[in-house]
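# turn this into a model:
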Amino acid sequence: MKPDHRVAGARMRLYSGPLSMFGAKVEIAALEKGLDVEVVMVPFDMTNLYEPKHPEVLRINPKRQVPVLVHGDLEIFDSTQIVEYFEDLQPEPALWPAAPAERARARLLELKSDEVFFPPVIRLMGLQETPDDPAAVAARAAVAACYKEMEAMLAGRDHVAGSYSHADIAFYMAQLFAARMGAPMTAATPGLLAWRERVTARPAVRAVVGRMAAFLASVGRPLPEFMADLLPAGAAA
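Here you go, the predicted model:
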């Protein structure tokens with residue numbers, strides 16, 4: 001395949017944020033593939049969040065959200081679309097299974113992490129001070145049901161879709177935010193806890209999540225234990 005003259009030699013630029021779950025997915029995938037990507041962290045603080053929006057994010061993404069990828073004159077957004085581009089751009093190491101049926105299952109799991117598992121976690125974000133609120137109880141129950149489903153899926157395998165894939169990256173980041181919001185994995189899902197240890201041990205994951213942990217520690221936010229373990233020695237958790 002001949003390189004696209006519009007992107008050949010151009011360095012990719014990824015607009016992300018220090019607490020962007022979807023940006024972190026893309027960063028981990030880029031590191032796993034050894035891609036040369038410049039990461040631009042857009043303005044963010046715990047009070048104003050992403051306001052004011054970065055002008056490039058506003059220009060490129062009508063949803064006004066990170067992540068956004070620029071590669072030459074190619075401008076795309078949405079974490080799944082970006083990692084699919086990475087797969088086309090650099091097929092090895094593959095982060096989807098090779099067999100069509102297994103690949104389809106992995107893609108479905110990546111979608112479910114983003115669009116089935118994560119919405120209850122989003123609901124918990126505004127209910128941290130009222131954990132007994134019926135909405136919070138229902139959200140935690142939905143998260144726990146997903147954990148139970150994933151535990152069964154992991155039986156006899158190391159990763160959620162067979163080989164390590166974008167499905168693992170997506171679910172890892174989603175469960176990270178669930179743990180932060182009061183819906184962590186527990187001893188009820190030992191297979192998932194062991195899976196998380198395996199994924200956390202990957203250098204690409206440690207690099208991205210370690211930086212996220214450092215940001216949270218710098219603003220005085222509590223960290224789940226598995227994240228606190230990634231802080232540099234002497235850093236406050």
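# so Val42 touches Tyr50, yeah?
Yes - using CB atoms under 8 Å, Val42 is in contact with Tyr50, at 6.4 Å. C-beta coordinates here come from the backbone N, C-alpha and C atoms, glycine included.
# which stretches of the protein form strands?
12-16, 37-41, 68-71, 74-77 (DSSP state E).
# higher neighbour count, Val42 and Tyr50?
Neighbours were counted for Val42 and for Tyr50 using other CB atoms under 10 Å; Val42 has more, 20 against 17.
# look up the closest residue to the more buried one, ignoring the ones flanking it.
Of all residues not flanking Val42 in the chain, His54 sits nearest, at 3.9 Å (CB to CB, 6 or more residues apart in numbering).
# and Tyr50, by the same measure?
Leaving aside its chain neighbours, Tyr50 sits nearest to Phe44 (5.6 Å; criterion: CB to CB, 6+ apart).
# number of residues surrounding that neighbour?
17.
# any idea how far the closest residue to Ala183 other than its chain neighbours lies from Ala170?
The shortest distance from Ala183 to any non-neighbouring residue, by CB to CB, 6+ apart, is to Val143 (4.1 Å). Between Val143 and Ala170 the computed distance is 15 Å (CB to CB, to the nearest Å).
# burial measure for Pro93, as a count.
For Pro93, the neighbour count with other CB under 10 Å is 10.
# hmm, Gly162 is touching Glu102, no?
Yes - counting by CB under 8 Å, Gly162 touches Glu102, with 5.6 Å between them.
# ok so, going back, how about the contacts made by the residue nearest to Val42?
Counting by CB atoms under 8 Å, 6 or more residues apart in numbering, His54 touches Tyr15, Val40, Val42, Pro43, Val66.
# quick one, helices of this structure?
Remark: helices assigned in the chain by DSSP state H are 21-33, 55-60, 79-89, 100-112, 118-124, 134-154, 166-180, 190-200, 203-218, 225-228.
# export these to TSV and tack on mean neighbour count and mean pLDDT?
Conversion of the helices of the chain to TSV gives the following (neighbours: other CB atoms under 10 Å; pLDDT from 0 to 100):
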stretch	mean neighbour count	mean pLDDT
helix 21-33	23	98
helix 55-60	14	96
helix 79-89	18	97
helix 100-112	16	96
helix 118-124	19	96
helix 134-154	17	96
helix 166-180	25	98
helix 190-200	17	98
helix 203-218	18	97
helix 225-228	16	96
